[in-house]
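> following is a predicted model, sequence given first.
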Amino acid sequence: MTGKKLHFGRYDYACFAAFTMYSVCSLVIPLVIVSMGKDLHFPLDQGGMGQGGFLHIVRSLFMLLALLVCGFAAARYGKRILAGTSLLLFGSGILGCALAPGYWMLLPCLVLSGIGEGTCEGILTPVVQDLHPDAPERYVNVSHAFWSVGILVAVLLAGGLVALGVNWRVVMGLAGILTFLAALLFLWKENPAKRFPEVREKPDFGELWQRSRIILKKRKFWICSAAMFFGAGAEFGLTFWSAAFIELAFHTSVFTAGLGTGCIAAGMFLGRTFFGYIARPGNLRYILLGASLGTIPLTVLLAFLRPGILPGIVLFPLLFLTLFLCGIGIAPYWPTTQVYGVSHLPDCDSTLLYVYYSALGIPGCGVFTYLMGFAGDRFGLRGTILVVPVCLLLFAGIIFYECWIRGEGKTEQS
C-alpha cells in the first residue's frame, strides 16, 4: 500500500530550502575546517582537533537553549515568522564567521548561529506537521531529506571552490548570503488564498509549562529522547568528521574528501525519500531497528580501510560505496524517531514534543562530535570512527528494548 500521492506547496518548498541551508551552514565549517585551522592557528594535524570539536560544542549549547524557548516563541509569534527569522539569525552567524580575524572571534558568531539553528531545528518539523496533519510520517521524512541535499550542495560548492583555491572566507560568506534568500520564502508577503495554517492560540508561559510537565512525566518521552541522543551522535559525528577523516587519513584533497561526505549525503537523501515513501505508523519501529543494525558493520569497516591495504583504484570506490550505504542507514534516525515518539503520545502537545526531542538530540551531536575530535588528537581519527557504531549499537538497544522487550510500543496515555 503506497497511499496517496504527495502534494507540495509554497511552505513545503520553504521548508526544503530551510533544511538545505541549515545543512549547508552546519557542514560548511567541517568542510573548510582544515584550511580554517591553518589560517586561525589551530591546525588539525598539529593538535587542533579538540579546538575544532569545541566549536560545535559552543554552537550546540546555544542551539539547545534556543530549542528550549522556541516552543513559547512559536506560540507567541507564529511558526512562519519564527522559521524565517531563524534563517536570518544563523545566516548572519555564518557570515560573521567568514569575517572573524581569529579563533576566539568565531565563538560569538557561533552563538548567533546556534540560536538561529536551534530555533530552525525546533520549528521546521512542526511546520511540516501543521501543513500535513494527515500523513506527517511521510512528509517529515521527505522534508528532512533536504538536509542531505544541503550536504551535497556544501560538498559540490564549498568543497569544489576550496579545491579550486577560493579562500574559505568567501565560501562561508556565500553560504550566509544564500541563507538570507531562503528566509524570504517564509517572510515574503502571503497569498491571501493560501495562507500558512497558523495556530491562532497564544498561550502564556504558565500554560506551556503545564503542557511541558505532562510531557516530562511520560516514560516513553525519555526513552525516545535517549534514542535521539545516540542516533544524533552517530549521524552528525559521521557527517561532521568524514571530510577531515578522509583528507587526513587518506592524504587526499579537500574536494576528494568532500566527495566522501557527498556520498553520505546522497545516501541520506535516498534513504529519507524512500523511508518517507514507505513509512506508516505501524512500521516505524522496523525501519529504525533495521537501519541501525544494518549500518553497524559498515561503520566498523570504515575504521579498517586505509591506504596500502588495497590499490587506490579499488580502495576509494569501496570507501565511497561504504559511505553511501552508511548514509542510507543513518537517514531515518532523526525524523522517524521524532514521528514515532509523537505518534505514541497523542495527548501531548506535538509542537513541544518535536522541540524537546530535538533539544535532547542536539547534545548528542555536540558531545560525540567533540569526543571524536578529542580522541582524534590522541589516537587518530581512524580509531575514533568506532564511536559511531557504538552509538548505533546503543540506539538499536533502546529501540529493541522499548518495542520488543516491553512490547510493541503501545500508545502511552497515562
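Structure received. Just so we're clear, the structure is a prediction, and the values are computed from it rather than from any experiment.

> Three-state assignment for the residue most central in space within the chain, please.
In the chain, the C-alpha nearest the mean C-alpha coordinate belongs to F236, at 6.3 Å (Cα atoms, centre = their mean). Assigned with DSSP: H, G, I helix; E, B strand; the rest coil, F236 falls in the helix class.

> in stretch 258-271, what counts as buried?
Residues of stretch 258-271 classed as buried: 258-271 (neighbour count, 16 or more other Cβ atoms under 10 Å). Yep, even glycine has a C-beta here, placed from its N, CA and C like the rest.

> now do stretch 87-107
Residues 87-98, 100, 103, 106 are the ones in stretch 87-107 that count as buried (16+ other Cβ under 10 Å).

> and of those residues, the nearest to V342?
L87 (23.9 Å; Cβ to Cβ).

> returning to what we had before: the residue nearest to the centre of the chain: what's it in contact with?
For F236, the contact set (Cβ atoms under 8 Å, 6 or more residues apart in numbering) comprises G364, C365, F368, T369.

> mean confidence score for stretch 293-313?
In this model, stretch 293-313 has a mean pLDDT of 86.

> low-confidence stretches in the stretch 301-414 of the chain?
Scanning the stretch 301-414 of the chain for pLDDT under 70 picks out the ranges 381-383, 407-414.

> what segments of it are helices?
Residue ranges of the helices in the stretch 301-414 of the chain, as given by DSSP state H, counting those that start in this stretch, are 312-330, 333-343, 350-379, 381-384, 387-400.

> out of those, which is the most enclosed?
helix 333-343 (a mean of 25; mean count of other Cβ atoms under 10 Å).

> who does it touch, helix- and strand-wise?
Counting by 3 or more Cβ pairs under 8 Å, 6 or more residues apart in numbering; DSSP states H and E, the packing neighbours recorded for helix 333-343 are helix 103-131, helix 136-153, helix 219-249, helix 254-278, helix 284-304, helix 350-379.

> again, only this time at 10 Å
Packing contacts for helix 333-343, counted by 3 or more Cβ pairs under 10 Å, 6 or more residues apart in numbering; DSSP states H and E, involve helix 103-131, helix 136-153, helix 219-249, helix 254-278, helix 284-304, helix 350-379, helix 387-400.

> which of those helices sits closest to L185?
helix 103-131 (11.6 Å).

> distance of G159 from R306?
As judged by Cβ to Cβ, to the nearest Å, G159 and R306 stand 22 Å apart.

> likewise D12?
43 Å.

> who has more neighbours, these two?
D12 (19 against 12; other Cβ atoms under 10 Å).

> so what's that one up against?
By Cβ atoms under 10 Å, 6 or more residues apart in numbering, the contact list for D12 reads L6, V127, V128, L131, H132, Y139, V142, S143, F146.

> mind doing that once more with 7 Å?
Shown in contact with D12 (Cβ atoms under 7 Å, 6 or more residues apart in numbering): L131.

> also the one 3 residues further on?
C15 is in contact with L124, V127, V128, S143, counting by Cβ under 7 Å, 6+ apart.
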